[in-house]
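Chemist: return a 3D structure for these sequence lines:
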Amino acid sequence: MNEEIQIILETTEKVLQNNINHQLRQNIDQKNDYLINLWNEVEEIGLPKIVVKEKFDGFNLEFASVLPIIQLSNSLGAPIPLSETILCNYILSECDINPPEGMITFANITKNIKILGNELSGELISVPYLNLTDKIMFITKIDGVEKVVFLQNSNLDMEQKKNFLAEPRFNVSLKNNNIIEVKTLN
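Modeler: A predicted model of the protein is given here:
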């Protein structure tokens, strides 16, 4: 591990350890000031855009080199979509889409996705942290071609569940929701 990543990892560990506790994990809500403060500190040290291209105000580090940061965040049980945001921002940047500010979540499981013009229908299953952000990115095959789909919508039809760690997960039903961006995966 190079010295730059080691310094970032140590700083990240301090920020996460100073902010994360059991009570915070039990109150994952966008009105929770402690959660907002945690995210603000994470943004201040540049983690959301650590692997984003410089032309999009990122640090352009290699994705593989920041895996220890993602592992640290996950091992400490960070109750924010830090891993998801880093991944989404990387994919968006690589597709030449300027990643938005703030948290983004990643939908890993999709069903019956259809795109007509700029509208999207289908289902997103077990999406993390939709109670903290309305920005979602996912990858799906359309006509045999993998596409990156980015949407932002506060009027989602969703059902909240919890995973075995009591983290919020949402099943989302999309019916003619507007898409921000669709690009072929490079």
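
Chemist: how far out from the middle of the chain is the helix ranked longest in the chain?
Modeler: Taking DSSP state H as the assignment, the helix of the chain that covers the most residues is helix 3-19. On the basis of CA atoms, centre = their mean, to the nearest Å, the separation between the geometric centre of helix 3-19 and that of its chain is 19 Å.

Chemist: what is the subsequent helix or strand relative to that helix?
Modeler: Scanning forward in sequence from helix 3-19, with DSSP states H and E defining helices and strands, the next element found is helix 22-26.

Chemist: list the helices and strands that next one packs on?
Modeler: Counting contacts by 3 or more CB pairs under 8 Å, 6 or more residues apart in numbering; DSSP states H and E, the secondary-structure elements packed against helix 22-26 are helix 33-44. Glycine gets a C-beta too; all of them are placed from N, C-alpha and C.

Chemist: now tell me what touches the longest helix of the chain from outside.
Modeler: With CB atoms under 8 Å, 6 or more residues apart in numbering as the test, helix 3-19 has contacts from 1, 34, 37-38, 41-42, 45, 47, 50, 61, 65-66, 68-69, 72-73, 76, 78.

Chemist: all strands of the chain, in order?
Modeler: Chain-ordered strands for the chain, with DSSP state E as the definition, fall at 105-107, 109-116, 119-128, 135-142, 145-152, 157-162, 168-178, 181-184.

Chemist: sketch out the low-pLDDT regions of the chain for me.
Modeler: Per-residue confidence of the chain (counting by pLDDT under 70) places the weak regions at 1.
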